[in-house]
Structure formats: C-alpha cells, structure tokens
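In: model this:
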Amino acid sequence: MVTGENKHLALPRTLSDGSDLNQWLQKFNICATDNSCDGDTCAKKIQTFLDGEALMVHIEMADADK
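Out: Got it, this is the predicted structure:
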C-alpha cells in the first residue's frame with residue numbers, strides 16, 4: 001500500500017563477474033537493514049542483484065541452501 005510518505009529504497013549494485021563478493025555482501029546487508037528486510041525477504045530478493053556466474057551459481061543451488 002502506498003502512503004503519502006516518500007519512501008526510498010537503498011539498493012546495492014548488481015554483483016557481476018569480477019566484483020568483490022565480500023564487499024558486495026556487506027553493502028547488500030547494509031541495504032537490507034536500511035530497508036527493514038527480514039531474512040526470508042532477503043533470500044528471495046538477492047537473486048535480482050546477481051549477474052553472470054554469481055547468478056548461475058545461485059540458480060543451481062538447492063533451495064535449502066539459498
């Protein structure tokens with residue numbers, strides 16, 4: 001539901017080949033905290049920020065490991 005309040009989301013850059021994974025994960029967690037995302041929401045949304053090999057690894061992971 002949209003309210004009259006101005007809402008801005010903090011979003012990390014897309015993780016692509018050659019990116020620093022640890023730095024990206026720190027930024028993702030900072031954004032998730034700022035957006036008040038719980039663990040389940042983060043697990044569902046993280047794939048939208050992955051590209052290249054990182055996305056393929058995520059897709060091939062078992063659901064229990066995601």
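In: nearest the geometric middle of the chain, what residue?
Out: residue 46 (3.0 Å; CA atoms, centre = their mean).
In: give the contact list for the closest residue to it other than its chain neighbours.
Out: Excluding the flanking residues, the one nearest residue 46 by CB to CB, 6 or more residues apart in numbering is residue 28, at 6.8 Å. Any C-beta I mention is one placed from the backbone N, CA and C, and that applies to glycine too. Contacts of residue 28 were listed using CB atoms under 8 Å, 6 or more residues apart in numbering, and they are 12, 42, 46, 49.
In: and for residue 16?
Out: Neighbour list for residue 16: 51-52, 54 [criterion: CB under 8 Å, 6+ apart].
In: any idea how far it is from residue 50?
Out: According to CB to CB, to the nearest Å, residue 16 stands 8 Å off from residue 50.
In: helices and strands of the protein: which one bottoms out on pLDDT?
Out: Confidence across the helices and strands of the chain bottoms out at helix 39-45, with a mean of 91, counting by mean pLDDT, DSSP states H and E.
In: which strands or helices does it pack on?
Out: helix 21-34 (3 or more CB pairs under 8 Å, 6 or more residues apart in numbering; DSSP states H and E).
In: quick one: average confidence on the helix it packs on?
Out: Averaging pLDDT along helix 21-34 gives 96.
In: report the buried residues of that helix.
Out: For helix 21-34, a neighbour-count test (16 or more other CB atoms under 10 Å) marks 24, 27-28, 31-32 as buried.
In: same thing with stretch 8-17?
Out: Neighbour-count burial for stretch 8-17 flags 12, 15 (criterion: 16+ other CB under 10 Å).
In: off-centre distance for that stretch?
Out: Offset of stretch 8-17 from its chain centre (CA atoms, centre = their mean, to the nearest Å): 7 Å.
In: okay then, goodbye and thanks.
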